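[1] starting from these lines, generate the structure:
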Amino acid sequence: MASLLRTTARMRLFSAHSIVRPTSRLPMPAFAAASSRHMASAAAAAAVPDAGEQPFFDDEPRGPIIKTEIPGPKSQEAIKRLTKVFDTRSLNMMADYTSSFGNYLADLDGNLLLDVYAQIASIPVGYNNPSLLLAASSPQMASSIINRPALGNFPSHDWADILETGILSVAPRGLNQVFTGQSGSDANELAYKAAFMWKRRQERGGADVDFTPEEMSSAMNNQAPGAPSLSILSFKSAFHGRLFGSLSTTRSKPIHKLDIPAFDWPQAPFPALKYPLEAHAEENAKEEQRCLDETERLITTFHHPPAAVVIEPIQSEGGDNHATPAFFRGLRALTRKHGILLIVDEVQTGVGATGRFWAHEHWGLDDAPDMVTFSKKAQTAGYYFGNPELRPNKPYRQFNTWMGDPARAILFRAIIKEVERLDLVRNTANTGEYLYAELERLAQQYPAEVKNLRGKGQGTFIAWDSPRRDEVLKKAKSVGINIGGSGERAVRLRPMLVFQRHHADILLDGLEKVFKS
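    Numbering: from 1, shown residues only. Prediction:
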C-alpha cells in the first residue's frame, strides 16, 4: 500500500508539471530494469537524435536489440502454451509489453524492435506512455472500469464532460455529435444503421410519420417494407470491418468473406493511380473520372438503392491505395446531387497519422462528410455526425447495453492532450516529409525493391510495393524493425505519432540492410 501511495504521489507531481517531457523514470518497474540493459547494449549501433531534435522520451532505447532469432526460445515456449487455448495462426510476434517503451516493442527473449506497425496502426503515443499511465490511474478511470455503465440507460454524471473535453474536442469540422461504439467494425455498422434510418425517414416524409402496421410486421420476417431494399455502396479493395454488415462492404481479401452470408450491395471501382503522381497527372485524372462515372451509374441504377457511400481516405488493408483530393471532392458532389450520405471511414487514417488530425482534411471539401467513423489510435470507437436528422426518431433504435466505454473515452482524452502538448500532428507531418524524401532516394538506389512509392504529403502514412514483400517483412525483424504489409504486395508504414527523424534513420538503415540481403 505504501508503494502504491508513493507511485500515486509521483504521478500527481508529474501531472502538475505537464511541460516536462515523458520519461520512463515514472513508475514502470519492469521497463526500468530493461531500459538500462537496452541502452547499454544498443549504444554502439544506435541512431542518435539530430542536434536540433528533442526526443519525446528521455529514457527511450536508442536503437533495436537483436539477441535471438524471432521468435526466440522463450517466445516459442509461450506460443506453444498459448496455442493450446487460443488461435495463434495469425501471430506476428509474442510481445512483452511490460518491457516495451516509446517506439520500441520488446519480446520475451530480450529482443527490442523499432515498431513501425504499431499494433496495426492503433498505438498513438508510444508504449507505456507516462501521460497515459497517469490517466489510467485516475479515480475517474477506476470508477469507469469497475462500474462500467449501460450508457443508454444509466449514463454517468460526467459522461457529457468526458465527451466534450475529449472525443468532441477534436470532432471534424461541421460534426458536433457522436455515437460511441466498441471497435472500427462496430463504428461502421452503427453508421450504416443511421444511414438506413435516415433514408427511410426521408422517404416517409419526416420524423413525425410513424411506422405502418405492415412495416412492423414485415420487419419481423426480414421482409420489405419493414426491412427495406437499400444498400451501402463501397469500393473495390475496401476494408470496413469483419462484422456482418461491415463485411458486406469489405472487398480486400476473400479470406475475410468466405462462408459468410452477405448483402447484395454495390461496389464501385477505386482509382488505380500510376506513380509518381506528377508524371501521370493526365492519366490519373481520367482514371478518377472513370471511377466517379461508374459510381454515379451504380448510385442511380443499382437494384438495391444506396442510402450512403462509405470510403476510406486511403484504402489500407486493401493495399494502401490512394486517390487525389479531386476524386473525393467529386464523390462528395455526387452524394449531394443524388441525396445520399457520405460516410468517411477514418478508423485507420484518423488521429494524426497523415499529418492532419483527420485525413479528409486534405481534401478541401466545401461541406463536411455526413459521418466520420473512428477507432484504432483513438483507443475507442464511434462515428461523428452533425445533422440532427441522423438521430433515430425513436429511442432504442440505435442502442446496445454499453454503447461505448467511458474508460476508453477517458483514454482518448489523454491521448488528445498528449498529441496537443507535444504537437504530434505537426511532428508526423514533418517526419513524414523527411522519411518520404529518403525513401525516394532508396527507391532510386533499389528500384527492384521499392516500387510505386506513395503517401507523399500524407505524414508517415507511406507504402510501396515489393515483389518479395513477405520476405522483406521477415528480414526486417532480423535487423530490429517490426513492419507490416497490406494487400498482396504492399509494405506499409504505420509508426506512432511519437516517431521522429532519428527513428526514421534507424528504419532507413534497417531497410537498406534488408534490400542488400
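[2] all contacts plus neighbour counts: C-alpha atoms, from now on.
    Fine.
[3] would you point out which residue is most central in this protein?
    Q348 (2.4 Å; CA atoms, centre = their mean).
[4] my guess is that residue meets K376, correct?
    Yes: in this structure, Q348 is within contact of K376 by CA atoms under 8 Å, at 6.2 Å.
[5] list the residues that contact both of these two?
    Shared contacts of Q348 and K376, defined by CA atoms under 8 Å, 6 or more residues apart in numbering, comprise 121-122.
[6] tell me how many other residues crowd the residue lying closest to A95 once chain neighbours are set aside.
    Excluding the flanking residues, the one nearest A95 by CA to CA, 6 or more residues apart in numbering is D107, at 4.4 Å. Residues near D107, counting by other CA atoms under 10 Å, number 21.
[7] again with the one 10 residues further on
    Using other CA under 10 Å, Y117 has 20 other residues around it.
[8] could you pull up the residues touching it?
    Applying CA under 8 Å, 6+ apart to Y117 gives the contacts 482-484, 492-495.
[9] now with 10 Å?
    103, 123, 481-485, 492-496 (CA atoms under 10 Å, 6 or more residues apart in numbering).
[10] against S122, how distant is the residue nearest to L424 when sequence neighbours are not counted?
    Closest residue to L424 apart from its sequence neighbours, by CA to CA, 6+ apart: L497 at 5.7 Å. In this view, L497 and S122 are 10 Å apart by CA to CA, to the nearest Å.
[11] which one of those two is surrounded by more residues?
    L497 (29 against 21).
[12] pretty sure the more buried one contacts R426?
    Yes: at 9.3 Å, L497 counts as touching R426 under the criterion of CA atoms under 10 Å.
[13] what comes up buried for stretch 273-290?
    The neighbour-count check on stretch 273-290 (16 or more other CA atoms under 10 Å) flags 273, 277, 284-285, 287-289 as buried.
[14] my guess is K474 meets L511, correct?
    No: using CA under 10 Å, K474 is not in contact with L511, being 11.5 Å away.
[15] count the neighbours of D465 for me.
    23.
[16] OK, contacts around it?
    319-320, 448-454, 485-492.
[17] narrow those to those that are buried.
    Using 16+ other CA under 10 Å as the burial test, the contacts of D465 include 319-320, 449-454, 485-492 as buried.
[18] contact partners for E214?
    Neighbour list for E214: 224-226 [criterion: CA under 10 Å, 6+ apart].
[19] before we move on, back to that, mutual contacts of L497 and S122, please.
    Shared contacts of L497 and S122 (CA under 10 Å, 6+ apart): 351, 377.
[20] tell me where the stretch 301-450 of the chain has helices.
    Using DSSP state H, counting those that start in this stretch, the helices assigned to the stretch 301-450 of the chain run over residues 325-337, 406-421, 424-445.
[21] with mean pLDDT and mean neighbour count added, can I get these in a markdown table?
    A markdown table is the format used below for the helices of the stretch 301-450 of the chain (pLDDT from 0 to 100; neighbours: other CA atoms under 10 Å):
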| stretch | mean pLDDT | mean neighbour count |
| --- | --- | --- |
| helix 325-337 | 98 | 17 |
| helix 406-421 | 98 | 21 |
| helix 424-445 | 98 | 19 |
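[22] let's have the ones you listed in CSV, adding distance to D367.
    Compiled in CSV, the helices of the stretch 301-450 of the chain are given as follows (distance: least, CA to CA, whole Å):
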stretch, distance to D367
helix 325-337, 8
helix 406-421, 24
helix 424-445, 23
